[in-house]
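Novice: my questions are about this predicted structure, shown below with the sequence.
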Amino acid sequence: MPYKKLFYFLNLHKGTFLLGTIFVILANVASSYTNKLVEKIINTLVGVINSTSDAGMSIQKEVFVFLSYYIGLTILSAVFTFLMRQTIIVASRKIEQKLKDDLYAHIQRLAITHFKNFPIGDYMSRMAEDVGKIRELFGPAVMYLVNMITTLSVSIFFMLEISSELTLYALLPLPFLSFFIYFFNIYSLQFNKKLQEEMSAMTSVAQESYNGIRIIKSFTLENKVLQTFSMISDSFKIQSLKIVKLDSFFMPIVSLLMGASILLSIYKGGMLVIDNHIQIGGLTSFIMFVNRLLWPVMSIGWVASLFQKGKSALIRYEEIMDMPLESKNGMTAESNESLKGDIEFKNVSFTYEETGIHALKNVSFHIKPGERWLIIGKTGSGKSTLAELLIKFYQNYQGEILLDGKPLENYSSSFVREQISYIPQDVFLFSDTVKNNIAFNTDEYIEVDVLNSAKDAQIHNEVLQFKDGYDTMVGERGITLSGGQKQRISIARALIKPSPIYLFDDCLSALDVKTERQLIEAMNQRDSRSTILLITHRIFNQLDFHKVLVLDDGEVVEVGSQEELMLKKGYFYDIYKKQEMRQVEN
Ligand code: ADP
Ligand code: MG
């Protein structure tokens, strides 16, 4: 229920909102009193004009007093209006910041599975648009609601004071007006929702075509894409025009009904003045009060739609906040010691819930500290899944995974990820300098570390060729790097912090054989005590690995040293031969 959250945030700043409400009431009362002043001065003037005696001097004084009070009250009302904005709107901005920070922190700590289920653009729009709408709920919506209620009640209070009969006449058109506004509001919301949908369809078409601009150009699909876009933008225009048409009904009808209200007041009020039930000044200020009703009545629909939009934004916001965070299971006492690097899988099976794909089936192996293993298998054989299980991206596997002989569940995710230098299959560089991309996961590093890990990752010489060397910008706003360069920068990132376990997921795929060998040799020289798992879909010639594990369709089909597997003439041998043949063909 989103209202619970609503009250939570209102409560957070309840002092400010209360103060704001008091300012709204004071601003209203102050400006209402100007009407009362008008009533008084007119009555005095009429009295003076009707009396025969010479009262010129006293009128001058009265008018002067009237003017000073009028100006004083107007200034007072302006000050209170200013303070009202300063309290309520400022509080809403503070709430907005808290909403954003909370959402961002929550998204950062979501389990990885939620990212794959949900389009990234969706998270973005919730962060930007929905949070904005929730802010409007706490800011303008609350402010105008309070203002509306006080203006209506203060005005009607003064109107009743002048004449209850006249008030009845003046309010006669109001039911029709609320009826009209109610229906207008329903249509307006409906039309605007449709427009919002058209809008997001348009942005996603645009976004996709910018992302895929290379494909579009190479297939000369520009015109086709343009056609799709202009079709969508055309229906956006049609929808916008519908809204314009609807909106153009609003003011005339509201003015008509409010005009009717004033007309009735003058007609009935005139008769009451003639019958001497009220004075001419009373009627004047009465009509001024009727005029004051116009604005709150007009804003009813708008405030209602702000609440409506805010409410659905809050529901969408809560949808993310309700997603469970990554579990923080595991002992924290462990965190002080580092792992030795012993990894054991015992009958591990894993099924992706969303697709029902059995990615791993009964996988068992044991890697001792300091061993280097090659894990090889075709695309889709479950290699990445194995790596992601090890760094606790997924928790609900069957069987046992042991690190240093203790179940993986005993360690917290953050501890495991600190201990395992993992390079994912899909490299990602931030829009930052080469240096900061490499030193990304260390708080304190020295230049030498960056250089050394870049050298080991075989990227150093290339970085030196870049315009600004290690200060060159990469990522979306920087220079365009080749796939291999990106891979090596992300390898350097993993190498900068010495770890007991290195886990490379197919991150050498874009490297040539020579670079690959140099890289592995550099790794070997680095720290012989670290355990290394190199995942690949291709074989490395003449490289020293303790064991090779072959995965096929989620199953371990062969484990052994390179020589053993070659002699066995099984899967590994087949892959080796095929690769050799391809190299010969090339
Ligand atoms: P590899 O790394 O060996 O290419 P993966 O571990 O990525 O293999 O994939 C193993 C199987 O699991 C494949 O059939 C793949 O389609 C499936 N799979 C991988 N990731 C996911 C995911 N996030 N959700 C559902 N199925 C997945
Ligand atoms: Mg993979």
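Specialist: That came through, no problem. Ligands and ions are numbered 1, 2, ... in the order given.
Novice: which residues are contacting stretch 136-149?
Specialist: 6, 9-10, 17, 20-21, 24, 28, 84-85, 88-89, 91-93, 95-96, 296, 299-300, 302-303, 306-307, 309-311, 313-314 (CB atoms under 8 Å, 6 or more residues apart in numbering). The C-beta positions use only the backbone N, C-alpha and C, and glycine is treated the same way.
Novice: can you rerun that using 6 Å?
Specialist: The set of residues external to stretch 136-149 that reach it, using CB atoms under 6 Å, 6 or more residues apart in numbering, is T21, V24, I88, I89, S92, I95, P296, S299, V303, L306, F307, G310.
Novice: report the two of the residues you listed separated the most.
Specialist: Looking at the contacts of stretch 136-149 by CB to CB, the two members farthest from one another are I95 and P296, with 24.5 Å of separation.
Novice: buried set for stretch 551-564?
Specialist: Neighbour counts using 16 or more other CB atoms under 10 Å place L551, D552, G554, E555, V556, E558, V559, G560, Q562 of stretch 551-564 among the buried residues.
Novice: scratch that, stretch 366-384
Specialist: When burial is assessed from 16+ other CB under 10 Å, stretch 366-384 yields the following buried residues: 367, 370-377, 381-384.
Novice: so which residues of the stretch 301-450 of the chain form strands?
Specialist: Listed from the start of the chain, the stretch 301-450 of the chain has strands (DSSP state E, counting those that start in this stretch) covering 343-351, 358-367, 372-377, 398-403, 406-407, 420-423.
Novice: tell me which of these sits nearest to ligand 2.
Specialist: Shortest separation from ligand 2 across these is recorded for strand 372-377, at 8.9 Å, computed as CB to the ion.
Novice: burial measure for the residue in the stretch 451-586 of the chain positioned nearest to ligand 2, as a count.
Specialist: When distances are taken as CB to the ion, the stretch 451-586 of the chain reaches nearest to ligand 2 at D506, 5.2 Å away. Applying other CB atoms under 10 Å, we find 21 other residues in the vicinity of D506.
Novice: if we can go back for a sec, columns mean pLDDT on top of the strands of the stretch 301-450 of the chain, output as CSV?
Specialist: Formatted as CSV, the strands of the stretch 301-450 of the chain follow (pLDDT from 0 to 100):
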stretch, mean pLDDT
strand 343-351, 95
strand 358-367, 95
strand 372-377, 92
strand 398-403, 94
strand 406-407, 92
strand 420-423, 91
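Novice: near ligand 1 at all, stretch 354-374?
Specialist: Yes. For a cut-off given as CB under 6 Å from any ligand atom, stretch 354-374 has contacts with ligand 1, namely E354, T355, I357, A359.
Novice: the helix or strand hosting E521: how far from the chain's middle?
Specialist: When secondary structure is defined using DSSP states H and E, the element that contains E521 is helix 513-526. Per CA atoms, centre = their mean, to the nearest Å, the displacement of helix 513-526 from the mean C-alpha position of its chain is 42 Å.
Novice: of the contacts of stretch 136-149, which belong to helices?
Specialist: When those are checked against helices using DSSP state H, the ones located there are T21, V24, I88, I89, S92, I95, P296, S299, V303, L306, F307, G310.
Novice: nearest the middle, which residue of the protein would you pick?
Specialist: Nearest to the centroid of the C-alpha atoms of the chain, with distances taken as CA atoms, centre = their mean, sits M127, at 1.7 Å.
Novice: which stretches of the stretch 301-450 of the chain have low pLDDT?
Specialist: 328-336, 445 (pLDDT under 70).
Novice: flag every residue of it that's near ligand 2.
Specialist: Residues of the stretch 301-450 of the chain that fall close to ligand 2, judged by CB under 5 Å from the ion: K383, S384, Q425.
Novice: cool, the chain as well?
Specialist: Neighbours of ligand 2 within the chain, by CB under 5 Å from the ion: K383, S384, Q425.
Novice: in a markdown table: those residues, plus distance to H277.
Specialist: Putting the residues of the chain next to ligand 2 into a markdown table (distance: CB to CB, whole Å) gives the following:
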| residue | distance to H277 |
| --- | --- |
| K383 | 93 |
| S384 | 88 |
| Q425 | 88 |
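Novice: quick check: the residue of the stretch 301-450 of the chain nearest ligand 2.
Specialist: Counting by CB to the ion, the stretch 301-450 of the chain gets nearest ligand 2 through S384, at 3.2 Å.
Novice: residue contacts, that residue?
Specialist: For S384, the contacting residues are Q425, D505, by CB under 6 Å, 6+ apart.
Novice: same check, this time on Y317
Specialist: Taking CB under 6 Å, 6+ apart as the criterion, Y317 is in contact with D130.
Novice: check the one 5 residues further on too.
Specialist: Contacts of D322 were listed using CB under 6 Å, 6+ apart, and none were found.
Novice: before we move on, what about F176?
Specialist: For F176, the contact set (CB under 6 Å, 6+ apart) comprises L257.
Novice: A helix includes it, no?
Specialist: Yes. Following the definition DSSP: H, G, I helix; E, B strand; the rest coil, F176 is counted among the residues of a helix.
Novice: after the lowest-mean-pLDDT helix or strand in the chain comes which helix or strand?
Specialist: Within the chain, no helix or strand scores below helix 112-117, which has a mean of 74 by mean pLDDT, DSSP states H and E. Along the chain past helix 112-117, the next helix or strand (assigned with DSSP H and E) turns out to be helix 120-125.
Novice: tell me how far that following helix lies from the chain's centre.
Specialist: With CA atoms, centre = their mean as the basis, helix 120-125 stands 6 Å off its chain's centre.
Novice: for it, which positions count as buried?
Specialist: By neighbour count, with 16+ other CB under 10 Å as the criterion, the buried positions of helix 120-125 are Y123.
Novice: what are the phi and psi values at E558?
Specialist: Backbone geometry at E558, expressed as degrees, to the nearest 10, gives phi -150, psi 140.
Novice: that one against Y571, yeah?
Specialist: Yes. Contact criterion CB atoms under 6 Å: E558 and Y571 qualify, at 5.4 Å.
Novice: which non-adjacent residue is nearest R135?
Specialist: Counting by CB to CB, 6 or more residues apart in numbering, R135 lies nearest to E96, which is 3.9 Å off, once chain neighbours are set aside.
Novice: any idea how far ligand 1 is from that neighbour?
Specialist: Counting by CB to the nearest ligand atom, to the nearest Å, the gap between E96 and ligand 1 amounts to 34 Å.
Novice: so what's the residue count around M159?
Specialist: As a burial measure, M159 scores 25 neighbours (other CB under 10 Å).
Novice: what do you get for R85?
Specialist: One way to gauge burial is a neighbour count; for R85, by other CB under 10 Å, it gives 16.
Novice: what about it, which helix or strand?
Specialist: Element membership of R85 [criterion: DSSP H and E] is helix 56-108.
Novice: starting at the chain centroid, how far to that helix?
Specialist: A distance of 31 Å separates the centroid of the chain from that of helix 56-108, by CA atoms, centre = their mean.
Novice: distance of the closest residue to T379 other than its chain neighbours from ligand 1?
Specialist: If the residues on either side of it in the chain are set aside, T379 comes closest to H537, at 6.1 Å by CB to CB, 6+ apart. H537 is 7 Å from ligand 1, where distance means CB to the nearest ligand atom.
Novice: for H537, give me the pLDDT.
Specialist: H537 carries a pLDDT value of 82.
Novice: cool, and G20?
Specialist: For G20, the model assigns a pLDDT of 93.
Novice: and the gap between the closest residue to I41 other than its chain neighbours and S285?
Specialist: On the basis of CB to CB, 6+ apart, the spatially nearest residue to I41 that is not a chain neighbour turns out to be F66, at 4.4 Å. In this structure, F66 lies at 13 Å from S285, with CB to CB, to the nearest Å as the measure.
Novice: work out for me the element V463 sits within.
Specialist: Going by DSSP H and E, V463 is in helix 460-465.
Novice: what mean pLDDT does that helix get?
Specialist: The average of the pLDDT scores along helix 460-465 is 91.
Novice: re earlier: how close does the residue nearest to I41 sit to L45?
Specialist: From F66 over to L45 (counting by CB to CB), the distance is 10 Å.
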